[in-house]
Structure formats: structure tokens, C-alpha cells
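Visitor: Here you go, sequence then predicted model.
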Amino acid sequence: MKKLFLPLFIFPLIGFGQQSVQQIDSIVQSKFNNGPAVSVLVSQEFRPIYSQVKGLSNMELKLQATEHTRFRIGSVTKQFTAIAILQLMEEGKLSIKDPIQKFLINFPKKEYPLTIEHLLTHTSGLAEITELEVFEKDLMQNGCDPDSLVNYFKDLPLEFEPGSQFSYCNSGYHLLGLIIEQVSGEDYNQYISNHLLSPAGMTHTLADRTDSIIDRRAMGYEEVDGRIQKATFIDMSIPFSAGNLLSTANDLNKWYQALFEYKLVSKQTLQSAHTPFRLNDGSYSNYGYGWFVDSLQGEKLISHEGGINGFLSSAWFIPFSKTLTIILSNCLCSPTTQTAKSLTAIAIGKPLPIKKRIKLPEDLLQTYTGVYLMNGEEWTISMQDGELYFRFSNGNGHPIYPLSKNEFFAEEWDTQFLFFEKDGTVEFHFVYLGEIVRGIGSECTFMVIDLGDFPSEDSY
């Protein structure tokens with residue numbers, strides 16, 4: 001296949017060298033070279049230092065992606081929903097400590113109080129709509145209006161006491177969209193357009209609609225058995241306030257500029273969104289309101305990934321230096337997370353160390369193979385051509401490479417895979433963004449690593 005590229009745009013910025021630009025470009029060119037589109041932007045102080053768009057927005061029509069191509073951003077939408085809630089809070093129309101039934105009067109009361117803050121922080125204990133059997137069998141294909149979608153999970157029991165643990169939950173962000181509508185009196189999409197997108201100057205961002213003709217909307221793809229094909233269909237009434245936006249890298253740069261020039265909410269409110277939530281036992285999750293909160297090479301990091309049928313996205317921001325990395329992809333075959341991490345590290349002058357693979361005996365690798373139950377899902381470790389592969393339930397296999405006898409990594413994932421022999425049983429740890437899932441035979445536990453010391457909030 002002939003590869004199509006747009007020109008590389010490089011913008012000089014004091015303190016950011018040509019060598020760093022070349023390093024970023026080398027990674028982008030090597031990681032995204034399989035045909036579908038990708039849009040990459042790295043900025044500092046919201047001035048682009050690197051911008052690249054390459055690949056096809058529509059592979060059937062061989063349409064080249066441009067800077068105006070609109071990608072589904074999936075769960076990056078959640079930060080827009082969170083900021084909308086915080087705007088309404090600043091206007092005195094709600095408190096994040098309010099029980100959700102104050103605004104959703106038909107939502108049943110649970111055995112524990114359930115607040116808006118629990119929804120914002122993924123600590124609600126609500127059943128996850130995307131994990132229900134009806135989701136793939138019916139809802140994805142046929143759609144559902146937002147009010148009716150609640151009926152599929154509202155009567156299910158809570159999975160844990162709200163505030164006691166973090167568990168990523170699209171159901172909670174769906175409810176936040178309904179609260180925005182109830183409190184503001186506006187349709188969710190209209191509220192986002194009027195109060196967030198328009199003030200930020202985001203003229204290429206809007207809600208995706210399955211039945212609408214939308215200019216320059218990218219098609220979504222996935223890879224099955226080594227072949228790129230159209231992504232599994234999803235009716236865009238389903239993602240709603242948890243993931244329905246289309247956007248561009250340039251528009252998302254405008255979004256972060258508007259946020260950090262405090263045009264949308266106050267500095268104090270924005271800082272609260274970027275502060276890890278304190279759980280009931282006094283420990284902290286690594287999520288605030290609409291953003292993951294972590295660190296990268298000693299710098300405070302706020303970030304979010306988006307994943308929706310046919311699309312992946314990453315938005316990584318270092319508040320201290322106002323360094324932003326946006327990567328938008330229209331194929332599930334083009335992971336963005338690890339690349340965003342690498343590019344951000346280069347942009348702040350602290351490149352990640354190069355991981356060096358080693359060779360291990362196949363008989364040792366064989367001892368690590370098997371099926372592990374992880375948070376109710378079966379994860380498989382298998383061996384192929386002398387290398388280990390891991391696979392989620394119903395997912396594709398990914399090679400993992402040894403750094404030592406016990407530690408492995410996947411090139412396209414920000415992960416560690418650790419194997420230990422304990423009491424005659426192999427114990428498998430999967431480490432991702434500060435979380436550990438430990439699988440031992442048919443048992444598993446979940447733990448959150450101590451987040452450590454972040455730079456002062458004065459870094460804003």
C-alpha cells in the first residue's frame with residue numbers, strides 16, 4: 001500500500017531543541033505506519049512544537065486525513081462532562097456533595113448515600129453498563145435514548161460502598177450528563193457546545209450522531225487476524241456524556257488553553273479536578289474529576305485515554321511546563337498510550353530509558369503460561385515462536401518481552417508483567433498506571449499503589 005503523508009510542521013520554541021523534535025518525529029513515523037490515520041500534536045504554553053497528520057481517514061475512499069479530520073475521542077469526553085458539572089457548581093446550582101436523587105428523582109435510593117462526587121471520581125459502586133450482556137447483544141447495535149438507558153442498571157445492587165474504591169464506570173458519567181440537563185435546562189450536547197466549546201473557540205468539536213452527515217468525520221477501524229477492517233458498529237446515542245465527542249488535535253489544544261487560562265472554571269476549581277480523590281479509608285485513588293492524576297519523570301501529570309469502537313486517543317498534560325500531547329487514531333490497531341508517554345517525556349526534556357530485552361529459556365517461559373482470573377475476567381498467557389503473549393478476555397494477543405527473569409513489558413502498553421513462584425504456584429501481577437491486579441489460580445485481589453509525592457499545586 002502506498003503510504004500518504006501530510007507535511008511535518010515544526011515550530012521553534014525557546015528551550016525545545018531540534019533534536020527533540022526529530023526524536024518525536026522518529027517515534028511517530030515508526031509507530032503509525034499501517035494505513036489508518038493518526039493526528040499528533042505536542043505543545044508547550046499551548047504553542048505547537050510538533051504537529052503531524054498522516055494516514056487515511058477513510059480507507060475505502062483513500063481519503064487523506066488532515067488537521068481538520070474529526071476523530072471520536074471516546075472517554076476524553078469525560079473531562080468536558082466534569083467541567084460542565086463544576087461550572088454548575090460554581091454557579092451555585094448544585095453541590096458535588098449532593099445526593100444524585102436530588103436531581104434524578106426516579107433513580108432508586110441505595111443502601112449507601114450516592115453523591116455527584118462519587119460519579120465524578122468513579123467511586124460510585126454502580127454496575128458498569130458496558131459490561132452487561134445486553135450492551136453488546138442489543139444496545140450497541142440498536143441504540144437507546146439517555147433517559148431509558150438508565151433503566152438497564154439503576155435497579156442493580158451497588159458493587160461496593162460508594163467512596164470505598166475506584167472502579168472505572170461509564171454508568172456514572174452517563175448520569176452526570178442527565179444531571180447537567182436537569183440542572184441547566186439544556187440538552188447535554190447543547191450545553192457542552194454553548195458553555196465549553198464556544199468559549200474555548202473549538203469550532204471542529206461536536207457530538208457524534210449516527211444518523212447525521214458530519215463533515216470530515218473519520219471512519220473507525222480495527223484489526224482482526226492481521227487484517228484491518230471496519231470497526232464493530234456502535235450507535236452513538238449510547239456513549240452520551242461518557243464518550244460521544246468528535247474533535248481534532250488543534251481543538252483539544254484550545255481546550256487545554258481555555259482551561260488553564262481559567263476561562264471556563266476558576267483556578268481553585270480546576271485544581272480540585274486535578275487532585276486525587278481521597279477514599280473512605282484515607283488512601284487515594286489516581287483519579288480526580290474527569291482526569292487521571294499521576295506523575296511522569298517526577299512531574300505531575302493529568303491525563304486521559306479514550307477508546308471507542310474504531311478509535312483510540314490520548315491527552316497528556318504536564319501542568320508545571322504546560323506541556324500537552326494529543327494523539328488521535330482511527331484504528332484500534334494503533335495504540336496511543338505508550339507513545340503519548342514517550343513523546344511527553346521527550347517534550348519535558350526527560351526521555352524515558354530504553355528498555356532492553358533479554359533472552360530467557362523456553363522452559364522457563366512455559367512455566368508462566370496459563371489462564372488467570374483477573375477481576376472476573378480470564379486472562380491468558382501463552383507462548384508462540386519462543387515469546388510470551390498475553391490476551392484479555394475476547395481480545396487480541398500482544399507479545400510481552402523479558403527485562404529480567406520475572407519482569408516483562410509490552411511495547412505499546414504502559415504496563416509491567418511480573419511473574420513470581422510462591423508456594424508452588426506461579427503468581428502473575430499486571431501493573432498499569434499505578435494499579436496492580438494479582439491473579440493466582442482462580443483468586444485475585446486489587447490494590448492501589450501509594451501515589452507518592454506530587455509537585456506542589458503551585459506548579460499550576
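Guide: Now that the structure is in, tell me what you want to look at. Residues are numbered from 1 along each chain as shown.
Visitor: mind listing what residue 168 touches?
Guide: Contact analysis of residue 168 by CB atoms under 8 Å, 6 or more residues apart in numbering lists 122, 128. Where you see a C-beta, it was placed from the backbone N, CA and C, and this is true even at glycine.
Visitor: To which secondary structure element is it assigned?
Guide: In this structure, residue 168 sits in neither a helix nor a strand according to DSSP states H and E.
Visitor: any idea how far it is from residue 239?
Guide: Applying CB to CB, to the nearest Å, the value for residue 168 to residue 239 is 14 Å.
Visitor: Show me the contact partners of stretch 23-39.
Guide: 1, 3, 8, 40, 42, 50, 52-57, 59, 65, 67, 69, 71, 218, 221, 228, 248-249, 326-331, 333-334, 339, 342-343, 346-347, 351, 412.
Visitor: Of those, just the buried ones, PyMOL syntax please.
Guide: In PyMOL syntax, the buried subset of these is picked out as below (16 or more other CB atoms under 10 Å):
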select buried, resi 40+42+50+52+53+54+55+56+57+59+65+67+69+71+218+221+228+248+249+326+327+328+329+330+331+333+334+339+342+343+346+347
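Visitor: Inside helices: which ones of the contacts of stretch 23-39?
Guide: Of the contacts of stretch 23-39, the ones assigned to helices by DSSP state H are 249, 339, 342, 343, 346, 347.
Visitor: you'd agree the first one is up against residue 40?
Guide: Yes - applying CB atoms under 8 Å as the test, residue 249 and residue 40 come out as touching, 6.8 Å apart.
Visitor: any residues in contact with both of the two?
Guide: Common neighbours of residue 249 and residue 40, counting by CB under 8 Å, 6+ apart, are 51, 53, 326, 327, 328.
Visitor: which residues pair with the fourth one across the strands?
Guide: When you say that, I think you mean residue 327. Beta-bridge partners for residue 327, by DSSP bridges, are residue 40, residue 314.
Visitor: which residues touch it?
Guide: The contact partners of residue 327, taken as CB under 8 Å, 6+ apart, are 38, 39, 40, 249, 312, 313, 314, 336, 339, 340, 343.
Visitor: now do 10 Å
Guide: Contacts for residue 327 (CB atoms under 10 Å, 6 or more residues apart in numbering) come out as 28, 31-32, 38-42, 52, 71, 249, 305-306, 312-316, 334-337, 339-340, 343.
Visitor: quick one, helices of the stretch 251-400 of the chain?
Guide: Ranges of helices in the stretch 251-400 of the chain, per DSSP state H, counting those that start in this stretch, are 267-273, 337-347, 362-367.
Visitor: helices or strands up against the first one?
Guide: Using 3 or more CB pairs under 10 Å, 6 or more residues apart in numbering; DSSP states H and E as the contact definition, the elements that helix 267-273 packs against are helix 78-90, helix 249-260.
Visitor: Mind doing that once more with 7 Å?
Guide: Contact analysis of helix 267-273 by 3 or more CB pairs under 7 Å, 6 or more residues apart in numbering; DSSP states H and E lists helix 78-90 as its packing neighbours.
Visitor: List the buried residues in the helix it packs on.
Guide: 78, 79, 80, 81, 82, 83, 84, 85, 86, 87, 88, 89.
Visitor: for the record, mean pLDDT for whichever helix or strand comes after that helix?
Guide: Next helix or strand after helix 78-90 toward the C-terminus (DSSP H and E): helix 116-120. If you average the pLDDT over helix 116-120, you get 98.
Visitor: Next one: residue 225 from residue 333, what distance?
Guide: Applying CB to CB, the value for residue 225 to residue 333 is 12 Å.
Visitor: could I get the buried residues of helix 78-90 as CSV with pLDDT and distance to residue 289?
Guide: Formatted as CSV, the buried residues of helix 78-90 follow (pLDDT from 0 to 100; distance: CB to CB, whole Å):
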residue, pLDDT, distance to residue 289
78, 98, 9
79, 98, 8
80, 98, 12
81, 98, 9
82, 98, 4
83, 98, 8
84, 98, 11
85, 98, 7
86, 98, 7
87, 98, 12
88, 98, 13
89, 98, 10
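Visitor: sorry, back to before: just the shared contacts of residue 249 and residue 40 now: which is nearest residue 384?
Guide: Using CB to CB, residue 327 comes nearest to residue 384 of the shared contacts of residue 249 and residue 40, at 28.6 Å.
Visitor: how close does the closest one get to residue 213?
Guide: According to CB to CB, residue 327 stands 27 Å off from residue 213.
Visitor: for residue 322, same thing?
Guide: Per CB to CB, residue 322 is found 37 Å from residue 213.
Visitor: got the contact list for the strand ranked longest in the chain?
Guide: Ranked by residue count, the top strand of the chain under DSSP state E comes out as strand 299-308. Strand 299-308 is contacted by residues 72-76, 78-79, 234, 239, 243, 274, 291-295, 312-320, 337, 348, 454-455, 459 when judged by CB atoms under 7 Å, 6 or more residues apart in numbering.
Visitor: coming back round to it: mind checking the helices of the stretch 251-400 of the chain for the one nearest to residue 177?
Guide: Nearest to residue 177, of the helices of the stretch 251-400 of the chain and by CB to CB, is helix 267-273 at 16.9 Å.
Visitor: buried residues in that closest one?
Guide: Counting neighbours by 16+ other CB under 10 Å, one finds that the buried residues in helix 267-273 are 269, 270, 272, 273.
Visitor: And stretch 201-214, by the same measure?
Guide: Within stretch 201-214, the residues scored as buried using 16+ other CB under 10 Å are 202, 204, 205, 206, 207, 208.
Visitor: Closest one of those to residue 192?
Guide: Nearest to residue 192 among the buried residues of stretch 201-214: residue 207, at 7.2 Å, using CB to CB.
Visitor: Distance-wise, check the residue nearest to residue 405 when sequence neighbours are not counted relative to residue 387.
Guide: Distances taken as CB to CB, 6 or more residues apart in numbering place residue 360 nearest to residue 405, at 6.7 Å, with adjacent residues excluded. Between residue 360 and residue 387 the distance is 10 Å, computed by CB to CB.
Visitor: quick one: residue 114 and residue 123 touch, right?
Guide: No - with contact defined as CB atoms under 7 Å, residue 114 does not reach residue 123; the gap is 9.9 Å.
Visitor: Find the residues that touch each one of the two.
Guide: Residues touching both residue 114 and residue 123 (CB under 7 Å, 6+ apart) are residue 162.
Visitor: On the pLDDT front, check the closest residue to residue 281 other than its chain neighbours for me.
Guide: Among residues not flanking residue 281 along the chain, residue 164 sits closest, at 7.1 Å (CB to CB, 6+ apart). pLDDT for residue 164: 97.
Visitor: ok, residue 107 - how many residues close by?
Guide: A count of neighbours around residue 107, defined by other CB atoms under 10 Å, yields 17.
Visitor: Is it in contact with residue 154, as I believe?
Guide: Yes - if you go by CB under 7 Å, residue 107 and residue 154 touch, sitting 5.6 Å apart.
Visitor: excluding its backbone neighbours, what's nearest residue 248?
Guide: residue 204 is the one closest to residue 248 (CB to CB, 6+ apart), at 4.7 Å.
Visitor: And that neighbour, how close does it get to residue 254?
Guide: 9 Å.
Visitor: ok, now which ones touch residue 325?
Guide: By CB under 7 Å, 6+ apart, the contact set of residue 325 is 42, 314, 316, 340, 343, 344, 347.
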